[in-house]
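# the following block contains a protein sequence and its predicted model.
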Amino acid sequence: HKSERLREIDVLIIDEVSMIYGQLWQEMDAYLRRIRKSDKAFGGLQIVAVGDFNQLKAVPDRDFQGKHYSGFPFSTPAWEDAGFRYCFLTEAHRATDPELARIIKHMSSNSLTTEDFNSLAKRSITPEEADRLDKEHGKDAEPTIRIYTRNIEVAQHNAKRIAELEGESLIFKSDAALMTIEDTLTQKAQWKSLKNRAEHEIELKIGTKVVADMPIAAFYGGRADDENIARNFWVTDSTTKITNGSMGYVRAFATVDGEDYYESVADIPKSADVSPVVQFGDGLFLVVNEESTLERPIQKDDGKWVSSSYAHSSMFPLKPGYAITVHKSQGQTYDGAVLDLSSSFTEGLGYVALSRVRRLDTAYILGSNPKSWQVDEESVRIMASITAWAAEDAKSFRDNITDYDDAYKAFAFLGKKNNLVITEVPERTFVSDSSNASISANGQPVASAEGNSSGGGLSGTPVSRESLKRGWLVCQRLEPLHNAEVPDAHSSSMPM
């Protein structure tokens, strides 16, 4: 059971933390306190939160009628109670092009320069040039993906590209069923989203580029380079996890048992129930609908909280992959992308879209509006504060690493257990002006609650690799300070 698992674990790592709605973050804190029976923040569970607040804000997971915590989780009481230590990662692994890194850095603080806008203007293309980019790739090559801001634009472009493929198509459907009375739901927005998604039909042809729209449990059927795959295709009993956002190509259609394999839609009998065979990497996988049940917490008469199922879904987990929304692209990296930001409706869309490529010369701008190149003003203040706090915590890390090492040695050799916190989390002062902090290009802040961050400061002397290595070795030995019995002071053995 999920609650049991959350009572057992010591650390919870949360990626893309900016996409968690504020009220959900606050409720997560309350839920963990309750099930772990602790008044400590998040029930005493260590939280490692990773993300970039300059990216897109979360959307509410339900309809809120009254007062609640909207926007970023950073602004909630639960975030403040967590007492995070901060670390700001300064090395850009995606944007290795200095020109792109400079633009992203300036965009993150809403301070784009004339030079930046001139660089972006040079990447503008016409619709005709964008169409040529789509078609100058071979059958098995990775086409330059289109990134739009709205689902309708994505659907229109994908339909256009599929229509250009030869052969007949098949339609795949999803289904969602409510298992309770809708008026009793507090998760109406979540149910509405699921229901709307289930109403969408997906058209596929042989050769269609697809993207995994959710994590997939696919059935491996053979290697894509097997010349006799039609005869050798065999569906295994076990499944392979295909991660959300993975790109592939439809190579065939097959029955669930794998016995009937069709490389042409025209050859498929009308009575056959087939699913797409998709090439992900060098393997072929049979992809079927994903079955899932949504649960909600309800309180029983005795006051205890339990999980209750309220909806069941059978979702087709693929979408055409020639175009994608900015929201869906978050976290992905592309070798080339055509960005149509002309319908940008909120801040941060251009920041996320432009950050998907490694070099500026692989980004092609089909359209934009003034909002495209702005980030949320609140996010600028948040990132400025995190930057300053990360520098404070990096200095504290350097200053106190010897104290942590000495505390361990005292425990190991003398049996003296130090229950005092060597360094308290300092009182945080918000930075209102981003110019007071040096924002790194494409940086990813990491916040660690109830623990000590290891990372580089953004001002002053950074933490050296030698210090990080030493800190890691010290931290690896800290577990006995929490879990082990105090050893015999005269014992010569050391806990490992």
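Great, that's in hand.

# helices along the protein, start to end?
Listed in chain order, the helices of the chain (DSSP state H) span 2-8, 22-35, 77-82, 98-107, 114-121, 127-135, 151-163, 188-198, 229-232, 326-329, 349-354, 377-409, 465-476, 479-483.

# pLDDT averaged over the first one - what is it?
Per-residue pLDDT values across helix 2-8 average out to 83.

# cool, and the fifth one?
Summarised as a single mean, pLDDT over helix 114-121 is 96.

# dump the C-alpha coordinates for it into CSV.
Only the C-alpha atoms of helix 114-121 are listed here, as CSV (Å, rounded to 0.1, in the frame of the first residue of the first chain):
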residue,chain,number,x,y,z
THR,A,114,19.5,43.9,-27.9
GLU,A,115,22.3,41.4,-28.7
ASP,A,116,20.1,38.6,-27.5
PHE,A,117,17.1,39.7,-29.5
ASN,A,118,19.3,40.0,-32.6
SER,A,119,20.5,36.5,-32.1
LEU,A,120,16.9,35.2,-31.8
ALA,A,121,15.8,37.2,-34.9
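
# what angle separates that helix from helix 98-107?
Interaxial angle of helix 114-121 relative to helix 98-107 (axes from the mean of the first three to the mean of the last three CA atoms, to 10 degrees): 120 degrees.

# residues in contact with helix 114-121: which ones?
99, 102, 103, 106, 107, 360, 365, 373 (CB atoms under 8 Å, 6 or more residues apart in numbering). All C-beta spots, glycine's among them, are computed from the backbone N, C-alpha and C.

# highest neighbour count among those?
Counting neighbours by other CB atoms under 10 Å, the top entry in those is residue 103, with 27 neighbours.

# which residues does that one contact?
Taking CB under 8 Å, 6+ apart, one finds 112, 116, 119, 120, 354, 360 in contact with residue 103.

# who are the contact partners of the closest residue to the first one other than its chain neighbours?
This points to residue 112. Spatially, and ignoring its direct neighbours in sequence, residue 112 is nearest to residue 106 (4.9 Å; CB to CB, 6 or more residues apart in numbering). Residue 106 makes contact with 112, 113, 116 under the criterion CB under 8 Å, 6+ apart.

# any chance of a markdown table for these, columns neighbour count and distance to residue 169?
As requested, those are exported to a markdown table (neighbours: other CB atoms under 10 Å; distance: CB to CB, whole Å):
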| residue | neighbour count | distance to residue 169 |
| --- | --- | --- |
| 112 | 19 | 43 |
| 113 | 11 | 48 |
| 116 | 18 | 43 |
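
# residue 210 contacts residue 204, correct?
Yes. If you go by CB atoms under 8 Å, residue 210 and residue 204 touch, sitting 7.1 Å apart.

# low pLDDT regions in the chain?
1, 61-65, 136-143, 412, 414-423, 432-496 (pLDDT under 70).

# apply 50 and report the result again.
Residue ranges of the chain with pLDDT under 50: 138, 140, 436-460, 479-496.

# one step back: list just the nearest of the contacts of helix 114-121 to residue 39.
residue 107 (41.4 Å; CB to CB).

# quick one, what contacts the closest one?
Here residue 107 is in contact with 54, 116, 350, 351, 354, 373, 374, 375 (criterion: CB under 8 Å, 6+ apart).

# among the residues you listed, which two are most distant?
54 and 116 (15.3 Å).

# where's residue 100 relative to residue 106, distance?
The gap separating residue 100 from residue 106 is 11 Å, by CB to CB, to the nearest Å.

# cool, residue 60 as well?
31 Å.

# same deal with residue 74?
For residue 74 relative to residue 106 (CB to CB), the value is 22 Å.

# now the closest residue to residue 321 other than its chain neighbours, which residues is it bridged with?
Computed as CB to CB, 6+ apart, the closest residue to residue 321 that is not its neighbour in sequence is residue 211, at 3.6 Å. Listed by DSSP bridges, the beta-bridge partners for residue 211 are residue 247, residue 319.

# quick one: neighbours of residue 211, just the number.
22.

# who are the contact partners of it?
By CB under 8 Å, 6+ apart, the neighbours of residue 211 are 245, 246, 247, 248, 318, 319, 320, 321, 324, 328.

# so the third one sits against residue 210, correct?
Going back to what we said before, that points to residue 247. Yes. Using CB under 8 Å, residue 247 is in contact with residue 210, at 7.4 Å.

# joint contacts of those two?
What both residue 247 and residue 210 touch, as defined by CB under 8 Å, 6+ apart, is the set residue 321.

# and these two? which has more neighbours close in?
Between residue 247 and residue 210, counting by other CB under 10 Å, residue 210 is the more crowded of the two (24 against 19).

# re earlier: check the gap between the residue nearest to residue 112 and residue 346 for me.
19 Å.

# can you check residue 400 too?
Distance from residue 400 to residue 346, by CB to CB: 42 Å.

# kindly report the same for residue 257.
From residue 257 to residue 346 the distance is 47 Å (CB to CB).

# run a quick neighbour tally on residue 164.
Residues lying near residue 164 (other CB under 10 Å) number 11.

# residue 239 against residue 286, yeah?
No. Between residue 239 and residue 286 there is no contact under CB under 8 Å: 9.7 Å.

# anything in contact with each of these two?
218, 219.

# need the contact list for the residue lying closest to residue 360 once chain neighbours are set aside.
Closest residue to residue 360 apart from its sequence neighbours, by CB to CB, 6+ apart: residue 100 at 4.1 Å. Contacts were defined as CB under 8 Å, 6+ apart; by that measure residue 100 touches 354, 357, 358, 359, 360, 363.

# got it, and residue 199?
residue 174.

# okay, it and residue 205: tell me how far apart.
In terms of CB to CB, residue 199 sits 22 Å off from residue 205.

# what does residue 378 give?
44 Å.

# ok, residue 220 next?
For residue 220 relative to residue 205 (CB to CB), the value is 23 Å.

# same deal with residue 331?
In terms of CB to CB, residue 331 sits 28 Å off from residue 205.

# the more surrounded of the two?
residue 205 (18 against 14).

# from what I can see residue 41 touches residue 82, true?
Yes. Between residue 41 and residue 82 a contact is recorded at 4.7 Å, counting by CB under 8 Å.
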